[in-house]
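*Asks:* Sequence and computational prediction follow.
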Amino acid sequence: MQKSAVSRARKTFVVATVSVFALAVAGCSGNSSDSDIAPAAVSQEDLTQLPEANTFGTVTGAPADPQPNSGAAAGKVLHPNSDLVVYAAVGGKPIAKLPSIQMGSPTWVPVVGEQGEWAQILLPTRPNASAGWVHVPAGAAETAQDDYAVAVDRASFKLQILENGKSIGSWTIGTGKPEHPTPAGRAYIIASIEETKNTYSPIVLPLSYHSDSLETFGGGPGTVGLHTWPNDSFVGQPNSDGCIRVPREALDQLVKLPLGTIVNIT
């Protein structure tokens, strides 16, 4: 069995309860009715039938990440206080529910767009690069500013941790084999798992992305993760089944990053 490692040291968030969001576009006053768009009504029965937006789920009809290749960047992250309905658009069709806990860790997702009391978030589901909108009036969720991001360059086998855009560490890594490549895009860290079943890494950091070539792996849904390896045979090599293998020193720093931290894979 695996258990959560969320009790391990992490960078401290300054967390605030979500109130009314301002429009993300600077210098644009926007439409005063934007914050008044009501979500479509969802009954308790309808809620139970919506797919769960977690690493085991697939969300059909989800919009795509509006900027999947925008690069690693710090930004706002969001934690639902309870299950939140995910919509295809502001005031649009319900497509999923975002749980407050997943894989034993609190759910934190990146916010990539805002409109009134609505936030556009990245989903940890299949297909990769799925997004959605959640309605977050006061008390529905918490937000925090995440100053960190991770950049992964598959061609050079390099991983960097960035703080406010500046590199604070760089390591040579291993990536997926040609037949099971590490998928590219704007992923993020969804959980921190203390590994007790396997011995290759003391901690595994699952990402929001999944293998494009494996529907399942090791009994799981083919989730791509960050982890170490028992020896250095992975360094500078494409020899995993899609996961990103990192030196122990890198993992020691990665586990300190907040959940929801962007991992931009190019």
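*Replies:* Thanks, I have it.
*Asks:* Next one: the residue positioned nearest the centre of the chain from Gly260, what distance?
*Replies:* Residue closest to the average C-alpha location in the chain (C-alpha atoms, centre = their mean): Tyr188, at 3.2 Å. With distances taken as C-beta to C-beta, to the nearest Å, Tyr188 is found 6 Å from Gly260. Any C-beta I mention is one placed from the backbone N, CA and C, and that applies to glycine too.
*Asks:* Give the residues shared as contacts by these two.
*Replies:* Counting by C-beta atoms under 8 Å, 6 or more residues apart in numbering, the common neighbours of Tyr188 and Gly260 are Val109, Pro110.
*Asks:* quick one, helices of the stretch 151-266 of the chain?
*Replies:* Along the stretch 151-266 of the chain, the segments classed as helices by DSSP state H, counting those that start in this stretch run 248-254.
*Asks:* so where's it uncertain?
*Replies:* For the stretch 151-266 of the chain, no stretch has pLDDT under 70.
*Asks:* which residues in it form strands?
*Replies:* 158-163, 166-172, 175-176, 185-188, 193-194, 203-210, 223-227, 238-240, 244-245, 262-265 (DSSP state E, counting those that start in this stretch).
*Asks:* In the sheet, which strands lie alongside the fifth one, parallel or antiparallel?
*Replies:* It stands for strand 193-194. strand 3-4 (antiparallel), strand 203-210 (antiparallel) (DSSP bridges).
*Asks:* which one of those strands lies closest to Pro106?
*Replies:* strand 3-4 (9.2 Å; C-beta to C-beta).
*Asks:* per-residue confidence averaged over the closest one?
*Replies:* Mean per-residue pLDDT for strand 3-4: 44.
*Asks:* one step back: would JSON lines of the strands of the stretch 151-266 of the chain with distance to Pro51 be doable?
*Replies:* Output for the strands of the stretch 151-266 of the chain, formatted as JSON lines (distance: least, C-beta to C-beta, whole Å):
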{"stretch": "strand 158-163", "distance to Pro51": "32"}
{"stretch": "strand 166-172", "distance to Pro51": "36"}
{"stretch": "strand 175-176", "distance to Pro51": "27"}
{"stretch": "strand 185-188", "distance to Pro51": "19"}
{"stretch": "strand 193-194", "distance to Pro51": "22"}
{"stretch": "strand 203-210", "distance to Pro51": "15"}
{"stretch": "strand 223-227", "distance to Pro51": "16"}
{"stretch": "strand 238-240", "distance to Pro51": "28"}
{"stretch": "strand 244-245", "distance to Pro51": "27"}
{"stretch": "strand 262-265", "distance to Pro51": "24"}
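*Asks:* who touches Ser43 in this structure?
*Replies:* With C-beta under 8 Å, 6+ apart, Ser43 has no contacts at all.
*Asks:* Can you give me the buried ones in stretch 127-142?
*Replies:* Buried residues in stretch 127-142, counted by 16 or more other C-beta atoms under 10 Å: Asn128, Ala129, Ser130, Ala131, Gly132, Trp133, Val134, His135, Val136, Ala140, Ala141, Glu142.
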